[in-house]
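Novice: can't give you the sequence, but here's the structure:
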Ligand code: BJW
Ligand code: ZN
C-alpha cells in the first residue's frame, strides 16, 4: 500500500490535468451516512427510495422530513482531512476539477473552488411552480416549505432517480473526464449513472485511474490503482512531500 501511494503521488506530481470524482464515502468520516447498505436507512426507509420524484409526489411531508433530518445532521458536521487534501491538491495541480455526487456542501466548506456538484446541493431549494432556486442554510425548513415569490411547494435542489442532471454541468463533467490525465475516484459505489460512466470516459481517453474506497466496486477492474482504505487516511498522503 505504501508503495502504491508513493507511485500514485508521483503520477499526480507529473500531471497537468487532474480530475477527481467523489461520492458519499468521502463524507462518511465526517459523520454523514452513505446511501447503500445499513447506513442508508432512515426510519426503515431506504434513502434511495426517498430520493425519487415518485416519493415526493406520494408523500412530500415524509420526503421533507427526511431532508430536514439530513440538513440538521449535516449542519452539525464539518469537512475532514480527505476534503482538505483535495483543496491542497487543487493548489498543487495546474488544471484541477473536482466532480462530486455529494449534495452535502462539504467540499465547498473545505475550500474547493473548481467544483461540479452534479447531483445538486442540499442547501438549495427549488420551487415546483416557478422553478426559482434559492440558497437556504437553515437546518429545518419545516413540514412543507413554500416559495416566498409564488407560494408554490419547494423541493430540495438535488437530482433524484429518473431525473436528468443539469445538462451544462454534466457536459462540463464529461469534458473534464475526457481531458484529464489522471482521475481519482473516491468513496463512491460507482453504480449510479451517469456519474459512474465518467471514469469510463476518462479511461477510454487514456487517463490513469485510481480508486480510493473501503472496498472493491464494479469499477475496480478498470483501475490502474485500487487503494483500499479510508479516504481520510489515504487522500492526505497523496499530497504529502510535493516540494
Ligand atoms: C468509503 C468510506 C471511507 C465508505 N473512505 N470509501 C443506465 C443503466 C442503468 C440505470 C440507469 C442508467 N442511466 C440512468 C439510470 C437510472 C439511474 C441509475 O443510475 N440507477 C442505478 C442505481 C441502476 N440514474 C438516474 O436516474 C440519474 N438520472 C439520469 O440518468 O437521467 C436520465 C435517465 C433517467 C432514467 C433512465 C435513463 C436515463 C440520476 C441519478 C441521481 C442520483 N441521486 C442520488 C440522490 C441525490 C440527492 C440526495 O442526496 O438526497 O445521488 S441517489 C444517491 O446515489 C446520491 C449519490 O450521489 C449517488 C451515488 O452514491 P455514492 O456516492 O456512490 O454513495 P454509496 O453509498 O453508494 O457508496 C459509498 C461508497 O463509499 C461505498 O463504495 C463505500 O465502500 C465507500 N466508503 N466509507 C472511502 N471512509
Ligand atoms: Zn415559486
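Specialist: Yep, it's here. Bear in mind that the values here come from a model prediction, so they are computed numbers and not experimental data. Numbering: from 1, shown residues only. Ligands and ions are numbered 1, 2, ... in the order given.

Novice: By residue count, what's the longest strand in the chain?
Specialist: Counting by DSSP state E, the longest strand found in the chain is strand 120-127.

Novice: Next secondary structure after that strand?
Specialist: Next helix or strand after strand 120-127 toward the C-terminus (DSSP states H and E): strand 133-135.

Novice: Pull the residues that contact that next one.
Specialist: 123-127, 148, 157 (Cβ atoms under 8 Å, 6 or more residues apart in numbering). Heads up, the C-betas are built off the backbone N, CA and C, glycines and all.

Novice: got the angle between the helix or strand just after that strand and strand 120-127?
Specialist: On the C-terminal side of strand 133-135, the closest following helix or strand by DSSP H and E is strand 154-158. Strand 154-158 and strand 120-127 are oriented at 150 degrees to each other (axes from the mean of the first three to the mean of the last three Cα atoms, to 10 degrees).

Novice: Is strand 154-158 positioned near ligand 2?
Specialist: No - Strand 154-158 does not reach ligand 2 (Cβ under 5 Å from the ion); its nearest approach is 7.7 Å.

Novice: Note down every partner strand of that strand and its orientation.
Specialist: Sheet neighbours of strand 154-158, with direction, are listed as strand 120-127 (antiparallel) (DSSP bridges).

Novice: Which positions within the strand it pairs with qualify as buried?
Specialist: Residues of strand 120-127 classed as buried: 120-127 (neighbour count, 16 or more other Cβ atoms under 10 Å).

Novice: same check, this time on stretch 104-116
Specialist: Buried residues in stretch 104-116, defined by neighbour count with 16+ other Cβ under 10 Å: 104-108, 110, 112, 115-116.

Novice: Now the terminal residues of that stretch, how far apart.
Specialist: Using Cα to Cα, to the nearest Å, the end-to-end distance of stretch 104-116 comes out at 13 Å.

Novice: and that stretch, average pLDDT?
Specialist: On average, the pLDDT along stretch 104-116 is 98.

Novice: outside of that stretch, which residues touch it?
Specialist: Taking Cβ under 8 Å, 6+ apart as the rule, stretch 104-116 contacts 22, 26-27, 30, 32, 74, 77-80, 83-84, 86-87, 90, 96-100, 117, 121-123, 169, 172-173, 176.
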